[in-house]
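Peer 1: Following is a predicted model, sequence given first.
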Amino acid sequence: MALINRIARFTFIAVALLTSACSYALDMDGFRGIKWGANKADVSSLRLSIEKGSMSLYRRPEEKLQIGAASLDSILYLFYKQQLAGVTIAFTGFTNYVNLRKALAETYGEGHQENRYIDHWRWGNFGDDAATMSLDYNDISREGRLHIYSNEMTRIRNADATAEAKKARNDF
């Protein structure tokens, strides 16, 4: 009987883990028709916002600042070495946070909230999915951000940062 109880508990835990893992899987190959890794020169109507080293942020002037019922303040496209690596979406207000979270849950599943006291949600698995996404909201400032990153471009950036850090050995 004890063995059956252990098997039943193990099965329940395994199913719960698999279900929660699947609920926030993210197979997103880009954003609004622009594929991850796309060359900046191939994307029309970009305006430079910030450039620092091999990273640059661009806006699209005619961008629809809406996702579902959520009104957005801005959408910034992050390019690393001239390739699309991520997107940062800014919004203001609790209603927009709720509406954006509902749209994300409807499209990609419930997501994962590690701490129920903090409005930080994430979707995607760095090892398995094409992208990783996180949604943050600050109750005090009433500002929020949705970050979407290409996992492949993140791996490339991390490898480049590691190689650069190794070069620093000579500076000591």
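Peer 2: Sure, I can see it. Residues are numbered from 1 along each chain as shown.

Peer 1: can you point me to the longest strand in this protein?
Peer 2: Criterion DSSP state E: the longest strand present in the chain is strand 83-92.

Peer 1: Can you tell me what sits against that strand?
Peer 2: Here strand 83-92 makes contact (Cβ atoms under 8 Å, 6 or more residues apart in numbering) with 30-31, 34-40, 43, 57, 67, 70-79, 97, 100, 142-150, 153-154, 156-157. Glycine gets a C-beta too; all of them are placed from N, C-alpha and C.

Peer 1: Send over it as CSV, restricted to the C-alpha atoms.
Peer 2: C-alpha atoms of strand 83-92 as CSV (Å, rounded to 0.1, in the frame of the first residue of the first chain):
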residue,chain,number,x,y,z
GLN,A,83,20.3,41.3,-36.0
LEU,A,84,17.0,41.3,-34.2
ALA,A,85,17.6,39.9,-30.7
GLY,A,86,14.5,41.1,-28.7
VAL,A,87,11.7,43.5,-28.2
THR,A,88,10.8,45.6,-25.1
ILE,A,89,7.3,46.9,-24.8
ALA,A,90,6.4,49.6,-22.2
PHE,A,91,3.0,50.4,-20.9
THR,A,92,1.4,52.4,-18.0
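
Peer 1: where do the strands sit along the chain?
Peer 2: Ranges of strands within the chain are 30-31, 34-35, 47-52, 55-59, 66-67, 70-71, 74-80, 83-92, 120-123, 131-138, 143-150, based on DSSP E.

Peer 1: how far does stretch 127-138 sit from the chain's center?
Peer 2: 3 Å (Cα atoms, centre = their mean, to the nearest Å).

Peer 1: for stretch 130-149, same thing?
Peer 2: Relative to its chain's centre, stretch 130-149 lies at 8 Å (Cα atoms, centre = their mean).

Peer 1: Buried ones in that stretch, by neighbour count?
Peer 2: Of all the residues in stretch 130-149, those buried under the rule 16 or more other Cβ atoms under 10 Å are 131-135, 137, 143-149.

Peer 1: What of stretch 37-46?
Peer 2: Residues 38, 40, 43, 46 are the ones in stretch 37-46 that count as buried (16+ other Cβ under 10 Å).
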